[in-house]
Each structure stands twice: as C-alpha cells, then as structure tokens.
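In: just a sequence and a predicted model for now, questions to come.
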Number of protein chains: 2
Amino acid sequence: MKLSTQPYKGARDFYPEDLSIRKYLFDVIRLVVESYGYEEYDAPLIEPIELYQAKSGSEIVADQTYRFLDRGNREVAIRPEMTPSVSRMVAARRQQLAYPLRWYSIPNLWRYERPQRGRFREHWQLNVDIFGIASIAAELELIQITDNILRAFGGKPTMFRIKINHRQLLNLLFTDYLGLNPMQSIAMASLIDRSQKMVRSEFIEQIDKILTADQKRKSTTEKLLNVINSDSLDKLPPLLKNSEPAKQLRQLIEACSELSIGNVDFSLSIVRGFDYYSGLVFELFDASVENSRSMLGGGRYDGLVGLFGVENVPTAGFGLGDATLINFLKLHGLMPDVESLTQIYIVVIGELTLEAMKTANTLRRAGLKVAVDLSSKKLGEQIKTAAKKGIRYVLIIGENEIKSQQFTFRDLIASNEVKLSLVKIEKLVKASTLK
Amino acid sequence: MKLSTQPYKGARDFYPEDLSIRKYLFDVIRLVVESYGYEEYDAPLIEPIELYQAKSGSEIVADQTYRFLDRGNREVAIRPEMTPSVSRMVAARRQQLAYPLRWYSIPNLWRYERPQRGRFREHWQLNVDIFGIASIAAELELIQITDNILRAFGGKPTMFRIKINHRQLLNLLFTDYLGLNPMQSIAMASLIDRSQKMVRSEFIEQIDKILTADQKRKSTTEKLLNVINSDSLDKLPPLLKNSEPAKQLRQLIEACSELSIGNVDFSLSIVRGFDYYSGLVFELFDASVENSRSMLGGGRYDGLVGLFGVENVPTAGFGLGDATLINFLKLHGLMPDVESLTQIYIVVIGELTLEAMKTANTLRRAGLKVAVDLSSKKLGEQIKTAAKKGIRYVLIIGENEIKSQQFTFRDLIASNEVKLSLVKIEKLVKASTLK
C-alpha cells in the first residue's frame, strides 16, 4: 500500500523554512510580552469536554471541537482554545499565586472548520492574560502590548486599528434600550458578532427573526440599526452614553492616548465570540481592506476561575493567531528573509570523514554552527548542496589541508576563495554574523 | 457544576516554574543540534491512522494510540511518535531536498499508557534525523550529538553509557544461528526488547513459549542465553563475530574512541521497539542503577521514506524524551535553579498607574523586563508580591519620585535601598544580569 504524503486536511507541515518563520514571529512576541513581566506556561493538549462546555460558547463545542472517548471512556477534546485551561490552572493554585499574575502561552489549537485563507484546523495562538486586576489598568496594559507587538514587527500605527467595546454596554443596549429578553440578547450578540460577514439586507432579516411582532411594531429594528454602527460614544442615546461602561471606555481611550496609542476607537459592533467575556472587549484590525478579518481579540472575563469552585479572580486577556499575523505582515511587506542558521559547510575530499568531524568539533567549541557533508560525493556536488541549503561559507578538507592546517575557505555570496587557518576562519565567520 | 482543577490523567500542567525547566532543557539541546547543522521542522499533531499502522509496531497502534474518527469520518491518531511524519514530509519533497538532510524537532507525543515515574501520557521528545547517508558516518554523528547533549548539561562520561547493536546481527542470530522462522524471530526480538523488565526464570519461560519442541530439544534456549547477554563482539560465535554487521559495530566503536567518546559498548540485547529499524541501533543508559530505563534510543531505518511510493532514502535518527532526561539530571545534581525572567518590579504609591506605565516603557525601551504592580495594594503588600515572584529589584514610584526623577530602588537579595535616576537603574540592572 502506498501512503499519502499529504498532511491532514487543514493542517500544515512546517518544513525548516516554514518553521523558521513561525519561530521568528514568536521570538519577537516573546521578547515583547516578557518585557512586560509575563511568564510562559503550558497545559495539556487534551482536556475533559466539560471544561469547554462550561463556557466556550455552544458553536465551538457542538460543531468545531475534536472530541472523542479515550481508552478509559473519558470524553475529551483537543483544546480549541487556551482560556479554559489557564483558568483551571489558576483555580488549582488560587491561594498560592502572587497577583497580579501575568501569564502567556503559545499553544497549538484545533478546530474543525472549513479550511480557507488564513484559517487552518491547527493554528498557533499567543495567549496573554493578567489575573487579579479589577481596574481598566489591566485592559490598558493588554492594549499597550498589542500595539507594542505590531510595532516590534515594524508595523506603523496607520497599518492597524484597535476597536474596543464593553459587554455591559451591549447588555444595557439589549435589555434597557431595546427591551430584549435574556434569550434574545444572546441571539442578538451572536448575530452582531457575525454581522461583518453579512450584507445589510441579510442582517436586517436576521434581526427580525429574533424580535417579536410587538417589538418590531415599536421600531426596535430601526433603533438597533441606528446605534449599532456607532463609532462615537457621545452620539449614543443618553441611557448608554452616560452609563458606567461608557465612562470606562472613555477613560481607556484617553489613557491609550496618554501612552501614545492613538489608533484606538470605540465600536459598538465588537462582541467577541466567547460567552465568558464580562466587561471591556477589544479587537485588532488590519487597516488594509484586503485583510478585513479580526487579527486579535480579547477582553475581561472575571467569572471563569470561579467555575472551579474557588473565589473569582478578575481577569483580562487576549489571543493572537499565527496565520492572521502572517497575513498582516505579508500584506505590509514586513516578513523577514529566511536565512540558514548553519554557518559553515564542510566539504570532504576522499576518506577524511573522521578528520572533518574533528575539525568541525574545533569550530563548534568556538560557538559556530557547522555541518559536515558525509555523502562522499564529488567536490562540486557537495558545494552545490551547501548552496541549495543557503549556507554561506564552505570549508574544504583534503589531505593537504589536514597536513598544513590551512583550509580552502569559500564565500558563496562574495564568490571568493582563500586559504585560512581555523582561528582566522572563526574570526571571519563571527565578524560576518555580527553585521 | 463545579469543574475539576486537575489536568487530564497522565498529562502535566506546566506552571511557569515548570515550563522554564522544559525551556531550559530544549534551549540547551537546540544549541547542540544546531551546532551540527540540524534545522528544526514541525508536522501536524494529527495524522491518518494508516501512517502509524504501516510501521510503528503493533503494540503502539493497537493499545496505545489516541485514535478517533474526525467529523469527516477519517480515522486519525494524535501522534505517538514523530518518525512516520518526518518520513512523510521527506517523501513529499524527495527530489527537491538537498542531502544530507539534517532535521530535528521537539514535538509533544501522546501514548495511552499507565502513568508512572518518568512516564507520562503526554511527553516532549527531541527527534534528530539525518537523511541521505548510507555509511555509518551518520550513526557516528548521532552518537556524537548524544554525547555532546549530555556534556552540555554538565554530564560526565562516567554518568552514562551508550549501548549499540545491529538489527542484521540479530537477524543472523535468530535465523542462521538459532534456526528460527520469521514469525519466531519477530516474537523473539520483541521478547528481548522487554527482557530487562523480567527476572531470568520468566525470560526463559517466555523463550520456551516461542520455540518448537524440536528446537528446545536442540538446546536452542541455552544457545540463546549463552550469547544474548554478550557485551563482547569477539566472544560471539564465529558466524556472528565475522559478519558484516559485527564489522560495522567494531568500526563505529573505534571511530567513537577516536572522537574521545569512550563509553560506547556493544550489547546484543539492544533491540528498539519499532519495527522499522533496519541496521545499527543504539540506546543511552544512566550509569546509576537508580535510573535503569533507556533514556534515548535510535538507529538506522532505511525503508520508511520508500513506503510513500518514492525511492528509499537511507536514514538514521534518535529520540530523547523530556521526562527521562529530567530524571537523569536530577539524579546527578545537574538541574539548574529557576530564576524569574522579570528584572524590575514597579511598586506604585497612590494613583500613579499611568506614570508608572510610562516609567516602565522607558526601561523596556532600554531592553529591560519590567512588571508594574497595578493592584493599588499597600506598599508592603506590593513588595511582598515581588519577593513571591522571585523578582530581585523593586522600583518604588510616588509623587516625589515623579517630581525628582530619583526613584527608590530596592535590591531584595542584598536587602538595601538607594535613590537613583532611571539611567543609573538601567546600568545597575544590566551589570547585575551579566554576572
């Protein structure tokens, strides 16, 4: 039987040149989040299904989880998100941990979705969470980090926008302003969350499906349409404009501005898919119309740790996926070139493998990354291999080189060749790497 | 409903202090393998079950895989090992890749086993493979890397031993020397692989179950017992001693010795669990009797890439798990102390969060890792938090500090406190980190 060489549908093979990009992305991100005092954690790939049923939102658990019975008949799922796991870990040590707790993680997550551009069944997601801070200082820090990450990749403030909203402002809108009942409010939130993928007529049709005949007679549809696309807190009806959530949103925008983050806007249409958000929510958008999907989302979810039978811990956090970030960087010309990590390729003439290995070890002890060919192919073939691998320097070892300890050393970029001692080779390669 | 705070059975939560150990381990390992020119790759967590059925060995697929039907009715498994995936990836680009190809990966792997000391259902495993080299230069390099990894952690040659064997020598033993048929050979290999967990009487009983009455009459059991524990190639029966595999084993031991790796021994009892090994095999053992399990195993598996319908590629590789490595390091006192990455903790007196954030940003731009407390707790409480997190330096911000730009700066290790400008604080912290 011939086996397929294709990866599982919707998942990606990461050849070294692909993985070097993912590593570059998350190395940059690690530097930023650690500069804010965040520490990395990890959790098992598999959790009991109850963990996600508790709060993830029904669509994800019912339609998108990879769930199965293990050999001990436990119903489990491959994690579709990290927030339930991190909440569980905090709850397990609720008393011992020192707050504010700043944690981050870069898990791979799995969702059974139709694969499409920038959307895979397996993706990697930065998760940044701060536990123990009830004030908006937590959200302020998270937005700073978001801004800082994009700038660390060379992003300019004109390339992206951060949109913020407040779940309690939405609650006031649904309950007090529009008079919806709790079930209608949930349906309306979910509809607004999906509304950016719809044309206006479809959106209106869906609204009308949620409302009662009586509500429609009272022009509830029109009232909703008039406010929902608002990007100004001051133009909201007084009931909303003067509310406590609106005050928090204003404070947050002002504080961002104080910290030189000018591209933060209010938008009543930001909802976030997960049921557990309880306060401020925010999303990051590419300013380019070619990439309209949300790149990053987060907010406050104060009630999740308490689900594990301990006292609640105020919490805010966000998630940023690798695929959407790569789309952003590509669109704005911010993707770096990939270079080989290996610095020297040793080409061996004749039966000198052991001598070549000893020479390589000398260079390695000096801190260099060195590969030995080992193939016993012809000289020209071995040099071609080095070029194909993108390795800049080739060191040629033959009988004469071993005797004289002067090695033929070729620079494949500059296309020149010299005879050098190992000490000089070491100096030359280190100097070129520093540039 | 109250949810459990426990991780899935046999899997581990990695709190930051736990993850920092795993990261330290694999950072050290990355440096070593990259110094030999190896490049990191990754593959999807999930593969079709056929990939493992083809070659992993029946016990793993039948009893230990996490397998299930996905929502599209494909039968899949969470990877129990990485070798089938990497073989698939090489096969997919058989023609384009430049050989020798040196690849490594550090995947998490899942096996449904009874959890016990140093054995988890989820573990991380370094996989190092070299493709395209048919000579024992490949195995020689892999053994060098193994030795180099342990030395990089501070291991001494007296703390570990590398045992080598050859699958074709075992074939000669089973077929030509003992006269077993192919089915008996497979059963005997599997038995020898498990024999270290058995007492001698049980081992003999199991041998007798495999042999026919006729074979037992011909003293096959005694012949096997006489050679199987051999650790000397020269004491083997002539049929084995003078064979080509024995010659390769001698060459490898001599070459290791040339490269100053003296603790490599022949052992006829090394088999390796996977069916795909085709030539030299090796395992790494802790020299301490307290930790008798194999820490690392590998060998040559030339036939795996060819299963994907392309020409075969000679291949050798090994795997090293995190849990067994940690056991080794702990037993020999080689585990490092964990330190907080965060360098400065900013403690805030009064309503100065924004000012504290600005001060933190100044220090971050200078390359420092800085956390701001944000809790509005009392001064003493905030300092206690810093101590609990293991952060050495505390910077106190109050009205006076902002006005004078001279900050109260406390060293929690030296227990002293001074007033300093931000520039001086930056210099002091950087100097202390260099030490």
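Out: Okay, I see it. Numbers count the residues shown, from 1 in each chain, chains lettered A, B, ... in the order given.

In: hey, let's count contacts and neighbours off CA atoms from now on
Out: OK.

In: quick one, what contacts residue A:86?
Out: Residue A:86 sits next to residue A:43 when contact means Cα atoms under 8 Å, 6 or more residues apart in numbering or on different chains.

In: which strands and helices sit next to the helix or strand encompassing residue A:129?
Out: Element membership for residue A:129, per DSSP states H and E: strand A:122-131. Judged by 3 or more Cα pairs under 8 Å, 6 or more residues apart in numbering or on different chains; DSSP states H and E, strand A:122-131 is in contact with strand A:101-105, strand A:108-110, strand A:315-321, helix A:322-331.

In: how about the shortest one, which residues are buried there?
Out: Under the neighbour-count criterion of 16 or more other Cα atoms under 10 Å in any protein chain shown, strand A:108-110 has A:108, A:109, A:110 buried.

In: average model confidence for stretch A:76-92?
Out: Averaging pLDDT along stretch A:76-92 gives 96.

In: same question, stretch A:317-329
Out: Rounded mean pLDDT across stretch A:317-329 is 94.

In: what's opposite residue A:14 in the beta bridge?
Out: Taking DSSP bridges as the rule, residue A:14 bridges to residue B:42.

In: test my guess that it contacts residue B:39.
Out: No - in this structure, residue A:14 is not within contact of residue B:39 by Cα atoms under 8 Å, at 11.3 Å.

In: of the two, which one has the most company?
Out: The neighbour count for residue A:14 versus residue B:39, taken as other Cα atoms under 10 Å in any protein chain shown, is higher for residue B:39 (24 against 17).

In: quick one: residues contacting the more buried one.
Out: Residue B:39 neighbours (Cα under 8 Å, 6+ apart): A:16, A:341, B:102, B:103, B:104.

In: about what we covered before: with distance to residue B:286 added, can I get the helices and strands packed on strand A:122-131 in TSV?
Out: Shown next, in TSV, are the helices and strands packed on strand A:122-131 (distance: least, Cα to Cα, whole Å):
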stretch	distance to residue B:286
strand A:101-105	33
strand A:108-110	33
strand A:315-321	41
helix A:322-331	40
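
In: what's the most buried one of those?
Out: Across the helices and strands packed on strand A:122-131, the average number of neighbours (mean count of other Cα atoms under 10 Å in any protein chain shown) peaks for strand A:315-321, which reaches a mean of 24.

In: just the CA coordinates of that one, formatted as CSV?
Out: The C-alpha coordinates for strand A:315-321 follow below in CSV (Å, rounded to 0.1, in the frame of the first residue of the first chain):
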residue,chain,number,x,y,z
THR,A,315,-9.1,38.5,34.6
ALA,A,316,-8.4,40.1,31.2
GLY,A,317,-6.6,38.6,28.3
PHE,A,318,-6.3,38.3,24.5
GLY,A,319,-5.3,35.8,21.8
LEU,A,320,-3.4,36.4,18.6
GLY,A,321,-3.2,33.7,15.9
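
In: okay, now the sheet partners of that strand, with direction.
Out: Applying DSSP bridges to the sheet, strand A:315-321 is found paired with strand A:122-131 (antiparallel), strand A:294-300 (antiparallel).

In: returning to that earlier point: distance between the strand holding residue A:129 and the chain's centre?
Out: 6 Å (Cα atoms, centre = their mean, to the nearest Å).

In: looking at that strand now, give me its mean pLDDT.
Out: Per-residue pLDDT over strand A:122-131 has a mean of 97.

In: after that strand, next one along is what?
Out: According to DSSP H and E, the helix or strand after strand A:122-131 is helix A:137-152.

In: near chain B at all, that following helix?
Out: Yes - contact between helix A:137-152 and chain B, assessed by Cα under 8 Å from any Cα of the partner chain, occurs at A:137, A:138.

In: now that helix against helix A:322-331, angle please.
Out: Taking axes from the mean of the first three to the mean of the last three Cα atoms, to 10 degrees, helix A:137-152 and helix A:322-331 form an angle of 50 degrees between their directions.

In: which other helices and strands contact helix A:137-152?
Out: helix A:16-35, helix A:244-258, strand A:315-321.

In: list the buried residues for stretch A:198-209?
Out: A:203, A:204, A:206, A:207.

In: in contact with the third one, which residues?
Out: Spelled out, it's residue A:206. residue A:191.

In: how close does it get to residue A:218?
Out: 17 Å (Cα to Cα, to the nearest Å).

In: ditto for residue A:315
Out: For residue A:315 relative to residue A:218 (Cα to Cα), the value is 39 Å.

In: sorry, back to before: let me have the buried residues of stretch A:198-209 in CSV, adding secondary structure as columns.
Out: Shown next, in CSV, are these (DSSP: H, G, I helix; E, B strand; the rest coil):
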residue, secondary structure
A:203, helix
A:204, helix
A:206, helix
A:207, helix
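
In: in CSV, list those residues along with distance to residue B:336 and pLDDT.
Out: Shown next, in CSV, are these (distance: Cα to Cα, whole Å; pLDDT from 0 to 100):
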residue, distance to residue B:336, pLDDT
A:203, 58, 94
A:204, 62, 94
A:206, 59, 94
A:207, 60, 94
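
In: tell me the one of the residues you listed nearest chain B?
Out: Using Cα to the nearest Cα, residue A:206 comes nearest to chain B of the buried residues of stretch A:198-209, at 28.0 Å.

In: make TSV out of the buried residues of strand A:108-110 and add pLDDT and distance to chain B.
Out: TSV is the format used below for the buried residues of strand A:108-110 (pLDDT from 0 to 100; distance: Cα to the nearest Cα, whole Å):
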residue	pLDDT	distance to chain B
A:108	97	9
A:109	96	10
A:110	96	9
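
In: those residues of the stretch 251-400 of chain A touching chain B, which are they?
Out: Proximity of the stretch 251-400 of chain A to chain B, by Cα under 8 Å from any Cα, involves residues A:255, A:259, A:307-309, A:341-342, A:353-354, A:358, A:364, A:367-375, A:385, A:388-389.

In: ChimeraX command to pick out the buried ones of those residues?
Out: For the buried members of those, the matching ChimeraX selection, counting by 16+ other Cα under 10 Å, is:
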select /A:255,259,307,308,341,342,353,354,364,368,369,370,371,372,373,374,375,385,389
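
In: circling back: between the contacts of residue B:39, which is nearest residue A:138?
Out: Residue A:138 lies nearest to residue A:16 out of the contacts of residue B:39, by Cα to Cα, at 37.3 Å.

In: the closest one touches residue B:37, doesn't it?
Out: No - in this structure, residue A:16 is not within contact of residue B:37 by Cα under 8 Å, at 11.9 Å.

In: picking that back up, and among the helices and strands packed on helix A:137-152, the most buried is which?
Out: strand A:315-321 (a mean of 24).

In: re the thing from before, out of the helices and strands packed on strand A:122-131, flag the one nearest residue B:300.
Out: Closest among the helices and strands packed on strand A:122-131, using Cα to Cα: strand A:108-110, at 30.8 Å.

In: counting contacts, what elements does the closest one pack onto?
Out: With contacts taken as 3+ Cα pairs under 8 Å, 6+ apart, strand A:108-110 sits against strand A:122-131.

In: give me the phi and psi for the residue of the stretch 301-435 of chain A found nearest chain B.
Out: Closest residue of the stretch 301-435 of chain A to chain B, Cα to the nearest Cα: residue A:369 (3.8 Å). Taking degrees, to the nearest 10, you get phi -100, psi 120 for the backbone angles of residue A:369.

In: contacts only, for it.
Out: Going by Cα under 8 Å, 6+ apart, residue A:369 touches A:341, A:342, A:343, A:344, A:363, B:34, B:35, B:36, B:37.
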